[in-house]
Structure formats: structure tokens, C-alpha cells
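# Quick one, what's the 3D model for this:
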Amino acid sequence: MDFARLRTLRELSLRKTMAAVAEALLISPSAVSQQIAQLEDETGIELVERRGRGVRLTPAGQRLVDHAGRVICILEEAKTDLAELKTVAGELRVSAFPSIAASLIPPTIRAMSARFPDLVALFEELEPDDSLVALRAWQTDVAIVDDLTTSASLSETQVEMLHLLDDHLHVLLPRDHPLAERPHLTLPELATERWVLDTTSITYSDVIVRACRDAGFDPIINARCHSFEVVRAMVEAGCSVSINPGLRGREYIGTLRLKEIRPIITRRIFVAFRTGERRNPAIAEFVNELRNVVASMAATR
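Numbers count the residues shown, from 1 in each chain. Below is the predicted model:
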């Protein structure tokens, strides 16, 4: 069986649509469909079932994906074994979500470039769920994720997680808001406010809505935005309040007021990589440098 076709089938099991696989593999959707059809001809059995715009693997398709995953793991382990014999060089693909990427990624890449000029770190901004999909599909090598907005299990066997830091969610207020001088706030105190939500990650906005409901009210949402810049502008103009990660708030607060929520809402942030690949010198050095950046941030708080 052709290895490229096996990988395409595995991508399909992760991404669910031909279009998503095509985008990930940089080929056309028709090429994806053709590769799956050729693989079905090779095996003599139906591997996928069309369901509307998406597809679902048949039992035979899922079993073949399980075998393909083990084959790919063996090949990646061989690459890691060889990488241990080399200096830190080549390409390292990194992904992270916006609110943490702005704080951690630039200083880490700068330090890595200074220490290892032959290593090229390629960064892509991805939400945590997308990062884990990319990691499992060998589209990225290192992913920064959190436990608050990740729907997948953080204890899966294919991925190894190392805890980086904890971050607390904060209320973002206009500077002249009546509650702006309070040291901290509870969610019920904001029950009558109008809210702006950053909906770049639906999972993250759902976390906020769920927290409000747990506190006894449905938030009055008057804006849904796809960037923190618009969220900040809405709050700054006095149109809304919002909840944002503490790290992002400290970096971009400007004239606004950032107030910790009580009881504290914490998100745990992890660096993730495929199981066993910390032996790869480039990954090991990048993880160590990330930890150094986190330590320096903690020292300056």
C-alpha cells in the first residue's frame, strides 16, 4: 500500500472533510478523493462513507488508520533517533493560540535563533484543538495548548504534555466604570452588564457563557468579535465588559482596568509534542527555552 495514501486516510480520520484534508496537505480536494479511491482499489474494501459534506470511516477504514498510525510512529521514532546524532538545525514547526503566543513565542524564537543559527523555527497561530490535530497529523512539532478550551483529552497516549504555567481569567472594564477601583470582582456583580465576547475560539466563548450561567445569570451579549483589538475597543468605548486571559490583558491593557475574578478561574497551559520526541534536540531545546521565558515572566510580575 502507498504510504502517502495511508497518510491521507489518517488525515481524513482526524479532519472529517475532504476540504480540510486538502488544505492540510496542500493538495486539491479532488486529489484527496482520488487517493482514497485508489487506496480502496488497493485494499479491495470500502474505507469511507459519504455523509453530507463530510465523510465517516468504515470499520475497515478505521482499522487501516490504526495500522497506519503505528507505521508513522515507527518512522517518526527513527527520525528522532537520527536527530539525536545531529546538531540543532533544520526546521522546527511551532503552534500556539493568540493570547499565549504573543507573550511566549517571540522571546523563545529570538533566544533559539541566537543560540542555534542553523535552526529555523516556523510559527503558526492555531487554537488549541487545531494545534492538537496538527500535532497528531505531523503538521506541527510543538504545540502550546490549555485545559480550559481544549475539547480533546490532554492525557492521550500519542501526545506528551508538560505544564508551563497557570493563568487566571480577568474582567476587562473601562477605566471610568463604577467597579474599576475594586481589587477583584465576582461574576454576579456583572449580571446587568453588556458583554463583548472574543469568538475566535467558540470553545473559549462557551467557557465564559457557562461560567456566567453557573453564577446564576445569562450574559447580555451585545458584540461577538474575532479579534482582541475589537474586544478592547468595545470595552474602551464603554460599550461592553469582557473576560480575558490575564497574560493577554497585562500585555495589551492600555487605559483599561483588569480585575481578577473571585472565585479564581484558572487555565493550565501546557507545551505538547508527540510522545517520545523530546529526545529530538531541537524540540528539547525549544521546550527548555520556553520554560526559561516563563520563569523570567514570573520573576518580573
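# how about F97, phi and psi?
Main-chain dihedrals, F97, degrees, to the nearest 10: phi -90, psi 160.
# list the contacts for it?
Going by C-beta atoms under 8 Å, 6 or more residues apart in numbering, F97 touches E125, L126, E127, P128, S131, I144, V145, D146, T149, S201. (C-beta placed from N, C-alpha, C; glycine too.)
# Out of those residues, name the ones that lie in helices.
P128, S131 (DSSP state H).
# which among the contacts of F97 end up buried?
Among those, those classed as buried by neighbour count (16 or more other C-beta atoms under 10 Å) are L126, E127, P128, S131, I144, V145, D146, T149, S201.
# any idea which of the contacts of F97 is closest to A60?
S131 (29.8 Å; C-beta to C-beta).
# Spatially nearest residue to that closest one (excluding sequence neighbours)?
A143 (3.7 Å; C-beta to C-beta, 6 or more residues apart in numbering).
# rewinding a little: what is the nearest of the buried ones among the contacts of F97 to A78?
Distance to A78, by C-beta to C-beta, is smallest for S131 among the buried ones among the contacts of F97, at 24.4 Å.
# what's the single longest strand in the chain?
With DSSP state E setting the assignment, residue counts place strand 159-173 as the longest strand in the chain.
# quick check, D218 in a helix?
No: going by DSSP: H, G, I helix; E, B strand; the rest coil, the assignment for D218 is coil, not a helix.
# Under the pLDDT cut-off, which ranges of the stretch 1-150 of the chain? List them.
For the stretch 1-150 of the chain, applying pLDDT under 70 flags the ranges 52-53, 79-87.
# residue ranges of the strands in it, please?
48-51, 54-57, 90-96, 119-125, 142-146 (DSSP state E, counting those that start in this stretch).
# so K16 sits right up against R51, yeah?
No: in this structure, K16 is not within contact of R51 by C-beta atoms under 8 Å, at 9.3 Å.
# and these two? which has more neighbours close in?
When K16 and R51 are compared for neighbours, K16 comes out ahead with 16 against 9, by other C-beta atoms under 10 Å.
# Ramachandran angles for the more buried one?
Dihedral angles (degrees, to the nearest 10) for K16: phi 80, psi -20.
# from here on, count from 476
Okay, using 476 as the starting number, the last item reads as K491.
# Would you mind measuring from the closest residue to it other than its chain neighbours to A564?
What sits nearest to K491 in space, not counting adjacent residues and going by C-beta to C-beta, 6+ apart, is G529, at 5.0 Å. Applying C-beta to C-beta, to the nearest Å, the value for G529 to A564 is 40 Å.
# Please consider this matter closed, and thank you.
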